[in-house]
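Colleague: Dropping a prediction and its sequence here:
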2 protein chains.
Amino acid sequence: MQPKLKDIAKQLGVSTATVSNVLSGKGRVSEETRKLISEKIREIGYRPGGPGRALRTGRSGVLGLVLPDISNPLFPAFAQAIEAAASRTGHGILIADSHGDPIAQTEALQRMIQRGADGIVIVPCRGTQVSSLSLPIAIIDSAATPGNSVCADHFQGGRMAVEHLQGLGHKRLVLLGHSRRSSVQTARIAGMEAALEPGTRADVFWLEEAAPDFAALAGEGATAFAATSDLHALTALTRLQGAGMSVPGDVSVLGFDDLSFSAQITPGLTTLAQNMPEIAAAAVQHLLLQLDEAPLPAPRLIPMKLLVRGSTGPAPNDPKQNKTTQQGDVTT
Amino acid sequence: MQPKLKDIAKQLGVSTATVSNVLSGKGRVSEETRKLISEKIREIGYRPGGPGRALRTGRSGVLGLVLPDISNPLFPAFAQAIEAAASRTGHGILIADSHGDPIAQTEALQRMIQRGADGIVIVPCRGTQVSSLSLPIAIIDSAATPGNSVCADHFQGGRMAVEHLQGLGHKRLVLLGHSRRSSVQTARIAGMEAALEPGTRADVFWLEEAAPDFAALAGEGATAFAATSDLHALTALTRLQGAGMSVPGDVSVLGFDDLSFSAQITPGLTTLAQNMPEIAAAAVQHLLLQLDEAPLPAPRLIPMKLLVRGSTGPAPNDPKQNKTTQQGDVTT
DNA sequence: CTGTTAGCGCATTCAC
DNA sequence: GTGAATGCGCTAACAG
């Protein structure tokens, strides 16, 4: 049995209210008894129990995190960042997986409310409109999503990707997305296309619909592949390497999200990384501000960051270029 | 304001006890009023609030999950499996990251207790002995860890890895671990070594201590690389491919854990996968049994599964072998 | 400055 | 078969 507030009070001959005051630092307590009580608290390692406190104050100190796919390789970095941001303010994180199913998502939200979550961070399923609830919500999706609270600037990330490639002299690009139903991926591709200079050609493939033959594309003159995810960039890279092409000698490859393996492979994968700590911090702050009845903060767009590694290099047969591959990461 | 039990009772002119009885299905309630009440409950979408229930029953319906590194690429599959297993019994999951720090780990455990977790699944930090607590605990580490509740059979996985390679005619192996302080990795390497037949040579490298030149090793006669993680297998594979070697033509590569990218690359990575759903289910069941005051279940060892993909093939210059690479996954 | 009291939402006695 | 009363652990008002 964990010690209760009452136990402390009884052992010291004071009232539970006084002990509670010491814990919260709110009421007025003499320095003397304060010392005495805090001493005792440390001694027996007392911690105020969550449920009792939650019932009384209406705050559980727990935030919900609802995701469409926990097994997404981007999830670890994201969950870690959210957990860290929440920990910093003394909050716990309750997770749920909606498996991309809007019904499961609604159910998950209800369960978080039921469990007493103080607020919910949600990465919505594709095409889902999160109806407003009776507690603070932070939506992380893409800038185009109505009600979006925070997200990486996927469009600008796409621009930077193509600018980087064009800066290296590439004029024939292949843009790789997985699903055009993903608002994040369409934003990235749109950004890529927006950065296209006259004279640069770019072909878009949605892998969900049709898988192109990467080596054949390279054979037809494409010199750079830009994927909306490192996962697909890796698929392209290994396939090209396996077909005997040199990366980045013959062809450059670029991805998004700086997944766990991206720095581990040879050559290292040039990628556009989301600033997870900042996104997470913004999402949590978004929630806490709402809890304090502050006005709803404006949506935030967090810039993406280009991590130049070894997988991108000068386009072959481009006399203007003489850049060399750098050692390690170079950030822009 | 969410509807309360009292609201329902008042609107229907019954007592809160009756409503509660309907919810739990425990007390005796006439079929008539039961219909009436459950109708009302559905109508206004009432859900019993967690904190109140937790306070009264001592059960929160929430399980804690404490991990040494949320950003580990194995985490998504693991978290998803735990979440699914917990959901199946109506439980929520509270996550915490100990960042490999024993002090943070203890702190995380205390916070879960404080928050009212009914039990905790923990993957301990290296070398940490989890002291027994006042609530159910399930430890997932390696069979050698005292108090271990469930884990994959890493040793057997290691055996299978080497047996698979030897079966393909490989006689010069390179075994790759990251850290010898990891009990999981040492178990896998030990299993690999235990399966060595006379005449097979295997060199072990711990990448944390010294990074070998993979291509040079292959040049000296090694024909197969077995890593304790797909991440390091991928490092080896891309480096070998980049050096112009053919996988699996010249050299085979094998990993562990079937990470997200393993099936996506070319060639697909042959790997030993943990049965996450079963491990997760066992861990959760371990907790629930303890909650029911059942005797502590015996530790469980879950077998690992060999997923044969394209990265392993017959050893070169081995006339006895004539196996061909299979299409897709072949499980053993 | 400190103690007493009441009640957060719910499940469980025990009378009726 | 149903309702009134009680208390889980805690904090916020209010008395003292």
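Modeller: Good, I have the coordinates. Numbers count the residues shown, from 1 in each chain, chains lettered A, B, ... in the order given.
Colleague: Alongside DNA strand C, which residues does chain A contribute?
Modeller: Within chain A, the positions lying close to DNA strand C (C-beta under 7 Å from any atom of the strand) are A:13-18, A:21, A:27-30, A:32-34, A:55-56. C-betas here are computed from N, CA, C, even on glycine.
Colleague: ok, and what's touching the one helix or strand residue A:290 maps to?
Modeller: Taking DSSP states H and E as the criterion, residue A:290 maps to helix A:276-291. Contact partners of helix A:276-291, identified using C-beta atoms under 8 Å, 6 or more residues apart in numbering or on different chains, comprise A:59, A:63, A:77-78, A:80-82, A:84-86, A:89, A:91, A:118-121, A:136-138, A:140, A:149-152, A:296-297, A:300, A:302.
Colleague: quick one: buried residues of it?
Modeller: Buried residues in helix A:276-291, defined by neighbour count with 16 or more other C-beta atoms under 10 Å in any protein chain shown: A:276, A:278-290.
Colleague: Looking at these, spot the one nearest residue B:251.
Modeller: residue A:276 (36.0 Å; C-beta to C-beta).
Colleague: who's in contact with the closest residue in space to that closest one that isn't next to it in sequence?
Modeller: Distances taken as C-beta to C-beta, 6 or more residues apart in numbering or on different chains put residue A:81 closest to residue A:276, at 4.0 Å, once the chain neighbours are dropped. By C-beta under 8 Å, 6+ apart, the contact set of residue A:81 is A:276, A:277, A:279, A:280, A:281.
Colleague: Same list (those) but as JSON lines, adding pLDDT and distance to residue B:256.
Modeller: Converted to JSON lines, the contacts of residue A:81 look like this (pLDDT from 0 to 100; distance: C-beta to C-beta, whole Å):
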{"residue": "A:276", "pLDDT": "97", "distance to residue B:256": "26"}
{"residue": "A:277", "pLDDT": "97", "distance to residue B:256": "30"}
{"residue": "A:279", "pLDDT": "98", "distance to residue B:256": "31"}
{"residue": "A:280", "pLDDT": "98", "distance to residue B:256": "30"}
{"residue": "A:281", "pLDDT": "97", "distance to residue B:256": "34"}
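Colleague: Can you tell me which of those residues comes closest to residue B:40?
Modeller: Checking these against residue B:40 by C-beta to C-beta gives residue A:280 as the nearest, at 40.5 Å.
Colleague: if I look at the closest one, how far off is residue A:97?
Modeller: Per C-beta to C-beta, to the nearest Å, residue A:280 is found 18 Å from residue A:97.
Colleague: And for residue A:117?
Modeller: Distance from residue A:117 to residue A:97, by C-beta to C-beta: 16 Å.
Colleague: Of the contacts of residue A:81, just say which sits nearest to DNA strand D.
Modeller: Distance to DNA strand D, by C-beta to the nearest atom of the strand, is smallest for residue A:281 among these, at 26.2 Å.
Colleague: For the stretch 201-332 of chain A, just list every one of the strands.
Modeller: A:201-206, A:224-227, A:252-256, A:270-273, A:300-302, A:305-308, A:330-331 (DSSP state E, counting those that start in this stretch).
Colleague: what about the residue sitting nearest the centre point of chain A, helix or strand, and which?
Modeller: The centroid of chain A falls nearest to residue A:78 when counting by C-alpha atoms, centre = their mean (3.9 Å). If you go by DSSP H and E, residue A:78 is part of helix A:75-88.
Colleague: now that helix: how far from the chain's centre is it?
Modeller: 9 Å (C-alpha atoms, centre = their mean, to the nearest Å).
Colleague: Check stretch A:257-266 too.
Modeller: Between the centre of stretch A:257-266 and the centre of its chain there are 16 Å (C-alpha atoms, centre = their mean).
Colleague: One more: stretch A:35-47?
Modeller: 39 Å.
Colleague: Check stretch A:102-109 too.
Modeller: 20 Å.
Colleague: who's in contact with it?
Modeller: With contact meaning C-beta under 8 Å, 6+ apart, stretch A:102-109 is reached by A:64, A:66, A:68, A:96-98, A:120, A:122, A:124-125, A:127-128, A:130, A:133.
Colleague: Closest to chain B out of the contacts of residue A:81?
Modeller: Ranked by distance to chain B (C-beta to the nearest C-beta), those are led by residue A:276 at 9.6 Å.
Colleague: Could you verify that residue A:69 is part of a helix?
Modeller: No - applying DSSP: H, G, I helix; E, B strand; the rest coil, one finds residue A:69 to be coil, outside a helix.
Colleague: ok now do it, which residues does it touch?
Modeller: A:75, A:97, A:99, A:100.
Colleague: From residue B:93, how far out is the spatially closest residue to the second one that is not a sequence neighbour?
Modeller: Just to be clear, that refers to residue A:97. Among residues not flanking residue A:97 along the chain, residue A:70 sits closest, at 4.4 Å (C-beta to C-beta, 6+ apart). Remark: distance between residue A:70 and residue B:93 (C-beta to C-beta) = 10 Å.
Colleague: Need the overlap of contacts for the two.
Modeller: Contact with both residue A:70 and residue B:93 is made by residues A:95, B:79, B:83, according to C-beta under 8 Å, 6+ apart.
Colleague: Adding pLDDT and neighbour count, write the residues you listed out as JSON lines.
Modeller: JSON lines is the format used below for the shared contacts of residue A:70 and residue B:93 (pLDDT from 0 to 100; neighbours: other C-beta atoms under 10 Å in any protein chain shown):
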{"residue": "A:95", "pLDDT": "97", "neighbour count": "26"}
{"residue": "B:79", "pLDDT": "93", "neighbour count": "25"}
{"residue": "B:83", "pLDDT": "97", "neighbour count": "24"}
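Colleague: Looking at residue A:117 and residue A:97, which is more packed in?
Modeller: Remark: of residue A:117 and residue A:97, residue A:117 carries more neighbours, 28 against 25, as counted by other C-beta atoms under 10 Å in any protein chain shown.
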